[in-house]
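S.K.: I need the structure of the sequence given here:
(one chain, ligands or ions: 1)
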Amino acid sequence: RQTGTVETDAEKHDVEYLTPISIGTPPQDLIVDFDTGSSDLWVFSTEMAAKDIKGQAVYDPNNSSTSEKLQGSTWQITYGDGSSSSGDVYLDTVTIGNLTVPNQAVEAAKKVSDEFTDDPNNDGLLGLGFSSINTVQPTPQNTFFDNVKKNLDTPLFTTDLKHGAPGSYNFGYIDPAAYIGNISWTPVDNSQGFWGFTSPGYAVGTETLRNHSISGIADTGTTLLLLPKSIVKAYYSEVQGAQYDSSQGGYVFPCSPTPPDFVFGVNNGIVTVPGDMVLYAPIDSANQNCFGGIQSDTGIGFSIFGDVALKTSFVVFDAGGLQLGWAAK
Ligand SMILES: O=C(CN1CCCCC1)Nc1ccc2c(c1)OCO2
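M.R.: As a prediction, this is how the structure comes out:
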């Protein structure tokens, strides 16, 4: 039985967290976005047109003695933000930290949308959602986590994302030094392939928790905390000068003073998003106005507890108990 850990680096404004992986023999090193909101492991590859590659590292299956084409298999994915990619599939050895999976489905990109081409630091995605939503046809493939699970001391991984500093993904163990206080556990609904859960309520600033069920997903691949419009309005009604700016596509407000904390419930515990984390990023060079880290989930169908929420906590993604654990740190 094994365990593993790998460091993940925050990009500017924590827009995404990038983590090193190795593919093939000899190992080809790529840096990818670990995404609990999807379940495909896809990478930039030598099968892409040169014009669509701008600085990314690519996977070359012909340069790996262990690659094996999954004949007839293809994949195509479109994310909630409209970005997309597609290609074909190889089985090859994938290593993350000290954990190796032989015959992992590696989805080689042939096409990627501009959002990926224009993101030079990101060489692909590693899905940590449930394999039921893997897009490979005709036969969906397992995620790295699903394949490595049987070798782990316990079938879980944990996230410790940080604000503007390297964080970590651990596999197969809960590091007691990584959090403080108790872990609040809540059941996971994986019927849609996500790490779904329902928060019992929220509070703005120091007020008491309001009962208001919030059903959403824990999604490391989404930058912000996307919540029901009514809650977002209630929050920004307590932020001086906050307004919905259609040109920015969300609520903006003066970068000073620091806005109130946002608290959401997890079972009988709470998670506090500090006001200075709601200050997502300045929208002007004078740093006068800031784009909010809390925005509306309108049109998605569920809320998204993205990096703005996750980086406040140590979070346990427990596939064994089908539960999420949230702890302060
Ligand atoms: O698409 C994503 C995250 N996605 C992770 C993989 C890379 C590309 C971005 N999040 C998202 C999901 C639903 C949305 C949304 C964004 O904006 C509106 O609805």
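S.K.: drop to CA atoms for contacts and neighbour counts, all remaining ones
M.R.: OK.
S.K.: Could you tell me how far Asp189 is located from Ile270?
M.R.: 19 Å (CA to CA, to the nearest Å).
S.K.: Checking the residue of the stretch 51-200 of the chain at minimum distance from the ligand next. Helix, strand or coil?
M.R.: The ligand sits closest to Gly80 of the stretch 51-200 of the chain, with a gap of 3.5 Å, by CA to the nearest ligand atom. State at Gly80, reduced to three classes by DSSP: H, G, I helix; E, B strand; the rest coil: coil.
S.K.: And Ala178, its phi and psi?
M.R.: With angles defined as degrees, to the nearest 10, Ala178 sits at phi -90, psi -10.
S.K.: quick one, helices of this protein?
M.R.: Along the chain, the segments classed as helices by DSSP state H run 114-117, 144-148, 229-236, 275-278, 307-310.
S.K.: I figured Ile21 was touching Thr95, is that so?
M.R.: Yes. Here Ile21 lies in contact with Thr95, judged by CA atoms under 8 Å, at a distance of 5.9 Å.
S.K.: Buried residues in stretch 218-232, which are they?
M.R.: 218-228, 231-232 (16 or more other CA atoms under 10 Å).
S.K.: actually stretch 38-55, not the one I wrote
M.R.: So stretch 38-55, judged by 16+ other CA under 10 Å, has buried residues 38-48, 52-53.
S.K.: Out of those residues, which comes closest to the ligand?
M.R.: Out of the buried residues of stretch 38-55, the member with the shortest distance to the ligand (by CA to the nearest ligand atom) is Ser38, at 7.2 Å.
S.K.: I'd like the distance between the closest one and Ile180.
M.R.: 29 Å.
S.K.: Tell me the residues of this protein that contact the ligand?
M.R.: Taking CA under 6 Å from any ligand atom, the part of the chain that reaches the ligand is made up of Tyr79, Gly80, Asp81, Ser83, Gly221, Thr222, Ile300.
S.K.: Look up the residues forming beta bridges with the closest residue to the fifth one other than its chain neighbours.
M.R.: Which is Gly221. Leaving aside its sequence neighbours, Gly221 sits nearest to Asp35 (CA to CA, 6 or more residues apart in numbering; 4.4 Å). Counting by DSSP bridges, Asp35 forms beta bridges with Gly127.
S.K.: give the contact list for Asp35.
M.R.: Leu125, Leu126, Gly127, Leu128, Gly129, Asp219, Thr220, Gly221 (CA atoms under 8 Å, 6 or more residues apart in numbering).
S.K.: Over to Leu156?
M.R.: Lys149, Phe171, Gly172, Tyr173, Val316, Phe317, Asp318, Ala319, Gly320.
S.K.: Can you name the residues that contact the first one?
M.R.: By CA under 8 Å, 6+ apart, the residues touching Lys149 are Pro155, Leu156, Gly172.
S.K.: Next, count neighbours for the last one.
M.R.: The local packing of Gly172 (other CA atoms under 10 Å) involves 23 other residues.
S.K.: per-residue confidence at it?
M.R.: You'll see Gly172 listed with a pLDDT of 98.
S.K.: unless I'm mixing things up, it is touching Thr159, no?
M.R.: No. At 11.7 Å, Gly172 does not count as touching Thr159 under the criterion of CA under 8 Å.
S.K.: what residue is smack in the middle of the protein?
M.R.: The chain has Thr220 as the residue nearest its centroid, 1.7 Å off, counting by CA atoms, centre = their mean.
S.K.: Now do the same contact list for that residue.
M.R.: Phe34, Asp35, Thr36, Gly37, Gly306, Asp307, Leu310.
S.K.: 10 Å instead?
M.R.: 16-17, 33-38, 127-128, 159, 161, 304-311 (CA atoms under 10 Å, 6 or more residues apart in numbering).
S.K.: Same check on Phe144?
M.R.: Counting by CA under 10 Å, 6+ apart, Phe144 touches 39-41, 94-96, 99-106, 126-128, 131.
S.K.: hmm, 8 Å instead?
M.R.: Residues in contact with Phe144 (CA under 8 Å, 6+ apart) are Leu41, Val101, Gln104, Leu126, Gly127, Leu128.
S.K.: any idea how far it lies from Asp92?
M.R.: 11 Å.
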